[in-house]
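Asks: Structure, please.
(chains A and B)
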Amino acid sequence: GAGVSQSPSNKVTEKGKDVELRCDPISGHTALYWYRQRLGQGLEFLIYFQGNSAPDKSGLPSDRFSAERTGESVSTLTIQRTQQEDSAVYLCASSQWSQGTEAFFGQGTRLTVV
Amino acid sequence: GQNIDQPTEMTATEGAIVQINCTYQTSGFNGLFWYQQHAGEAPTFLSYNVLDGLEEKGRFSSFLSRSKGYSYLLLKELQMKDSASYLCAVRDGGTYKYIFGTGTRLKVLA
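Replies: Numbers count the residues shown, from 1 in each chain, chains lettered A, B, ... in the order given. Okay, the predicted model is just below:
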């Protein structure tokens, strides 16, 4: 597609339920990133996929968080047994894997855990 | 390890010039990026530096000193629409991962 697409744009869920967030990157972008942004805060790195390499999961805050990516296309971020502190905007970005290329962001999924 | 520091908030007057500083320590370096983020919106790319010096793009300029681990974003002829958060990000030299600072919230006053 023309840009990075994320769905849903908004998600309200009850504490303890599982949620799945989707990201569709720009076609041809081999790198895909997930970030979390709490209200008024900066971008917190979660996970990074690059081609067929093992993903960099160093930013995942707990084992309730996991992500998958199929080849160089869609990625899903899953949060199990959601907690209120998981409430945030989850941003996905994609980029080419070469020097000097910027990351392009989707509009994000605003997750509210009640 | 990686660490990126920016001021939390800045205020400036319409028509003025403002400089937003960013210092970083990273284990590897493959470029420094500045993004603009309006409230409730996604970050959008502003500028990129990989070599020392100044890059100019209209009203916005960005400077990099790799030896000092320092960059700044210069905004000239400020407009009300420039009120936003400005995010400094470093791309790791080995993994090409982007690491973001916490952002600087800029308020432009009439």
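Asks: So which bits of chain B are right by chain A?
Replies: Counting by CB under 8 Å from any CB of the partner chain, chain B comes close to chain A at B:30-31, B:33, B:41-45, B:48, B:50, B:87, B:89, B:95-103. C-beta coordinates here come from the backbone N, C-alpha and C atoms, glycine included.
Asks: now, which of these lie within strands?
Replies: Among the residues of chain B next to chain A, the residues falling in strands (DSSP state E) are B:33, B:44-45, B:48, B:87, B:89, B:98-100.
Asks: And the closest residue to chain A within chain B, how close does it get to B:L87?
Replies: Closest residue of chain B to chain A, CB to the nearest CB: B:T102 (3.4 Å). Using CB to CB, to the nearest Å, B:T102 is found at 8 Å from B:L87.
Asks: for B:A12, same thing?
Replies: With the distance defined as CB to CB, B:A12 ends up 18 Å from B:L87.
Asks: what secondary structure does the residue nearest to A:I26 when sequence neighbours are not counted sit in?
Replies: Leaving aside its sequence neighbours, A:I26 sits nearest to A:S94 (CB to CB, 6 or more residues apart in numbering or on different chains; 5.1 Å). Three-state call for A:S94 (DSSP: H, G, I helix; E, B strand; the rest coil): strand.
Asks: For A:S94, which residues count as its bridge partners?
Replies: Going by DSSP bridges, A:S94 is paired in beta bridges with A:L32, A:F104.
Asks: ok, now how distant is it from chain B?
Replies: In this view, A:S94 and chain B are 11 Å apart by CB to the nearest CB, to the nearest Å.
Asks: does A:L91 sit in a helix or strand, and which one?
Replies: Secondary structure assignment for A:L91, by DSSP states H and E: strand A:88-95.
Asks: how far does that strand sit from the chain's center?
Replies: In this view, strand A:88-95 has its centroid 5 Å away from the chain centroid, taken as CA atoms, centre = their mean, to the nearest Å.
Asks: Now do it, average pLDDT.
Replies: Strand A:88-95 carries an average pLDDT of 96.
Asks: mind listing what's buried in stretch B:46-61?
Replies: B:46-49, B:60-61 (16 or more other CB atoms under 10 Å in any protein chain shown).
Asks: before we move on, the earlier item: so what's the residue of chain B closest to chain A closest to, chain neighbours aside?
Replies: A:G42 (3.4 Å).
Asks: quick one: secondary structure of that neighbour?
Replies: When classified by three-state DSSP, A:G42 comes out as coil.
Asks: buried sites along stretch A:81-95?
Replies: Here stretch A:81-95 shows A:82, A:86-95 as buried, counting by 16+ other CB under 10 Å.
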